[in-house]
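Engineer: For reference, the sequence and a predicted model appear below.
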Amino acid sequence: MALIKTIRGFTPKFGKDCYLADNATIIGDVIMGDQCSVWFNAVVRGDVHYIRIGNKVNIQDGAVVHCTYQTAPTTIGNNVSIAHKAIVHGCTIEDNVLIGMNAIVMDNARIGKNSIIAAGAVVLENTVVEPGSVYAGIPAKKIKDISQELTSDLLERISNNYVKYAGWYNEEIP
């Protein structure tokens, strides 16, 4: 069973049909929407500020979602995929976004809707990622625009797949 911990009087709250892996950790002032999943060894730590997560968000294996004390909460929109070992810290991620494997998004960054942060990219503090774009590199820079159709198809497919995968695990619960 996932570690769900109350701290400073805040207990995480979950929407309907969420899946939390056995060794996922969710702490403090976290409110998660419907059909979300937090996978193996992922940490969502709302101990120093709040974390708000929309619907159909998947936080994949080894990812960390955190914030900065009193200055930078974390807000994640709908249909967001935070890939394996990514770090999302004190930032805003709008709807329909993919944060690639091992990517880092720093404090007060804003990731526009229908965007992709490439694997291994480092989005520095206060960076504003344009909607419908791909950012890559260290530090992350815009490398191209992507069509609404491509991002909607790709990002919705990933979100829907993670809802499906979570269903496989929920079926196994006695």
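Structural biologist: Looks like it came in fine.

Engineer: Give the rounded mean pLDDT of stretch 72-90.
Structural biologist: Across stretch 72-90, the average pLDDT comes to 98.

Engineer: Is residue 96 within a helix or a strand, and which one?
Structural biologist: Using DSSP states H and E, residue 96 maps to neither a helix nor a strand.

Engineer: Let me see the confidence value for it.
Structural biologist: So residue 96 comes in at 94 (pLDDT).

Engineer: for residue 149, same thing?
Structural biologist: 77.

Engineer: is it fair to say it lies in a helix?
Structural biologist: Yes. Residue 149: assigned to a helix according to DSSP: H, G, I helix; E, B strand; the rest coil.

Engineer: secondary structure class for the residue lying closest to residue 6 once chain neighbours are set aside?
Structural biologist: Spatial nearest neighbour of residue 6, chain neighbours left out: residue 28 (7.4 Å); criterion: CB to CB, 6 or more residues apart in numbering. Where C-beta positions appear, they are placed from N, C-alpha and C, glycine not excepted. Taken by three-state DSSP, the conformation at residue 28 corresponds to strand.

Engineer: Can you get me a residue count around residue 3?
Structural biologist: A count of nearby residues for residue 3, using other CB atoms under 10 Å, gives 12.

Engineer: Can you name the residues bridging to the residue nearest to residue 6?
Structural biologist: On the basis of DSSP bridges, residue 28 is bridged to residue 46.

Engineer: how close does it sit to residue 102?
Structural biologist: In this structure, residue 28 and residue 102 are 25 Å apart, going by CB to CB, to the nearest Å.

Engineer: So the two - more neighbours on which side?
Structural biologist: residue 28 (22 against 17).

Engineer: so who does the more buried one touch?
Structural biologist: Residue 28 makes contact with 5-8, 10-12, 45-47, 51, according to CB atoms under 8 Å, 6 or more residues apart in numbering.
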